[in-house]
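> okay, sequence plus prediction incoming.
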Amino acid sequence: MTRNNDNGWSSSDDDNDEDDVEDESFAFYSICSYIDSSSPPFDTLAAALEHDVNNYNFNLLSHLPTPDDEDFYEVAIITVNKSRSFVKENGSVDKVELGEKLNDYLKSQTSNHADDEGNAVYFKPQLEDDAILMCIDELQALKAQDASNDNLENASRHPTESTKELQSRIELLEEQLLHAKKCIASFAMDGDNHSSKSKEDKPDNDSYYFSSYSNTCIHETMLRDTVRTAAYESAILSNADSLFRDKVVLDIGCGTGVLSLFCAKAGAKKVIAVDATDVIKQAEEIIQLNGFGSVITCVRGKIESLIEERALPLIEGETVDIIVSEWMGYALFFETMLPSVMVARDALMTPGTGTMYPNVAKIFIEGANDNERLSYWDNVHGINMTPMKQRMIDELTSEGLVEVVDAKKIITNRAEVTTFDLNTCKDEELDFEASFELTLSDNVSRKESGIQVHQLVVSFDIDFSVPGTTAVSFSTGCQSEPTHWKQAVLWFDPLHNYPTLAKNDVMRGRFRMKRNAKNHRAIDMAVLWEIGHHSSGGTWERTTEGSLKRSLEA
């Protein structure tokens, strides 16, 4: 069974064979009747679900979380496999009774979350090549449609309410609004008691983000990152005549003004340097001190507000030719500054000829083995400290980490996950899911028994590659000179639950990155993976599979 790489698993060797992929269809087996050999498969997921509703009074969608739940993907997988396991054990009862028992069983489950003990076993498919598991995105869309229909049905009932009933509903809503206002007011007056506040009561994420960039050490760290700073300098100055001379440039998040100064040196006729923090004062002094005060204008504020208030020094109808910004965060999207830059792009950049600079970003993933980190505790100055291993692992697997990974620990190829054309990409595309495929590197000893994969390492590359200019790029991969971005590291549990890659094995799957629901400047990453190989006949043979979910918290 093959599936288009943009949507799920693919067991085809030829990723370019688009016609074969598009012509391939799925066989969907309903939850309740899949063990019945006389029950045929269905051509669509919707038809399979409808069969369960009509014949068993069982609606899988009613047991799934809301479609915007950040754990929808994992919960759906667990729920499907739990349901199939239950049906396999209780399939001898009649249809109606089976549906009722399955509904009761799922309702009795305290949790279907991946992190809960006992649920890990349900990441293993109960039905081989289960098409429903391969179409979780479609299941999510059906859940959204189901929820929408429920809302419409509920809304249709309200017009029949009496005037008195409607008035009561309004009064209730007004009471709730008043209560909410009182809560907000009490939070505002209790601002000094930060030590007793929960995470939700901290300063809003934007205020925290911008205030952090008022710290001098952050700017020093970025300037001392010679890979980063030298790449911008080279890309701008080497393209003075081909790109920057006599152009209008917008520098978003200018910090100390270094990129604006590079642009002015490259011959830009006007540079607008924007920053939301008070470091803009020092930037203005630095610009004056270096003799570019007549070219560069500093403006303090959030770019979205400045655009809305028309507070930028642009005359009526004037656009910007180039938007320069160093917006990248850990794993590329941590801190989520790019959407703000894209707002300026869509509102101010010259159509057709204007460009973002840099203009291309790519995300990569690769596997690593860090056995030394584990074996260290076996003998610490002659002392056995192995009880520290579990403590360390608990910390390593609690969230995504940011650290420099030694290239010697990398055991697989560095696979490109996705590419963003920064001149055209849309905000919704920044939350993405894409396929990847890893194999052991040629320089790694290919043991028949396999080598453990302890980490998945996420990094990015940046390209300044506008047509007609001298291309410049830099990489944050393990094989390149380290940058202040380091790498994002997703740890498996190296003692209990980790993949093993053997000779001729392939580790493939789906990588998902999206903004955190509670804090849009944090990012959530999830990996659904499987390991296997292609048999002599060309069919895919899976040996193991699993999932991994980690977050980079702001």
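In hand now; what should we look at? Since the structure is predicted, the reported quantities are computational estimates derived from the model, not experimental observations.
> which stretches in the stretch 401-550 of the chain count as strands?
Assigned by DSSP state E, counting those that start in this stretch, the stretch 401-550 of the chain shows strands spanning 401-403, 415-421, 432-438, 451-452, 455-464, 472-475, 487-491, 500-501, 506-515, 523-534, 540-552.
> list the beta-bridge partners for the residue lying closest to Phe460 once chain neighbours are set aside.
Closest residue to Phe460 apart from its sequence neighbours, by Cβ to Cβ, 6 or more residues apart in numbering: Leu332 at 4.1 Å. Glycine gets a C-beta too; all of them are placed from N, C-alpha and C. Legend: beta-bridge partners of Leu332 under DSSP bridges are Gly329.
> for Leu332, what are its contacts?
361, 363, 460 (Cβ atoms under 8 Å, 6 or more residues apart in numbering).
> now do it against Phe474, distance only.
From Leu332 over to Phe474 the distance is 13 Å, taken as Cβ to Cβ, to the nearest Å.
> pull up the overlap in contacts between these two.
In contact with both Leu332 and Phe474: no residue, using Cβ under 8 Å, 6+ apart.
> circling back to that earlier point, okay if I get the strands of the stretch 401-550 of the chain as JSON lines plus mean neighbour count, mean pLDDT and distance to Asn371?
Below are these laid out as JSON lines (neighbours: other Cβ atoms under 10 Å; pLDDT from 0 to 100; distance: least, Cβ to Cβ, whole Å):
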{"stretch": "strand 401-403", "mean neighbour count": "16", "mean pLDDT": "95", "distance to Asn371": "16"}
{"stretch": "strand 415-421", "mean neighbour count": "16", "mean pLDDT": "97", "distance to Asn371": "22"}
{"stretch": "strand 432-438", "mean neighbour count": "19", "mean pLDDT": "96", "distance to Asn371": "18"}
{"stretch": "strand 451-452", "mean neighbour count": "20", "mean pLDDT": "92", "distance to Asn371": "7"}
{"stretch": "strand 455-464", "mean neighbour count": "24", "mean pLDDT": "98", "distance to Asn371": "11"}
{"stretch": "strand 472-475", "mean neighbour count": "19", "mean pLDDT": "98", "distance to Asn371": "26"}
{"stretch": "strand 487-491", "mean neighbour count": "25", "mean pLDDT": "97", "distance to Asn371": "13"}
{"stretch": "strand 500-501", "mean neighbour count": "19", "mean pLDDT": "93", "distance to Asn371": "12"}
{"stretch": "strand 506-515", "mean neighbour count": "21", "mean pLDDT": "95", "distance to Asn371": "18"}
{"stretch": "strand 523-534", "mean neighbour count": "20", "mean pLDDT": "93", "distance to Asn371": "18"}
{"stretch": "strand 540-552", "mean neighbour count": "18", "mean pLDDT": "92", "distance to Asn371": "19"}
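> so which of the ones you listed gets nearest Ile323?
strand 455-464 (12.6 Å; Cβ to Cβ).
> report all helices and strands that that closest one contacts.
helix 226-237, strand 360-368, strand 472-475, strand 487-491 (3 or more Cβ pairs under 8 Å, 6 or more residues apart in numbering; DSSP states H and E).
> list the contacts of the first one.
In this case it means helix 226-237. 222-223, 244, 258-259, 262-263, 265-266, 324, 326, 357-358, 462, 464, 470, 472-474, 480-485.
> about what we covered before: now the contacts of Leu332 in a markdown table, with distance to Lys107?
Shown next, in a markdown table, are those (distance: Cβ to Cβ, whole Å):
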| residue | distance to Lys107 |
| --- | --- |
| Ala361 | 45 |
| Ile363 | 40 |
| Phe460 | 44 |
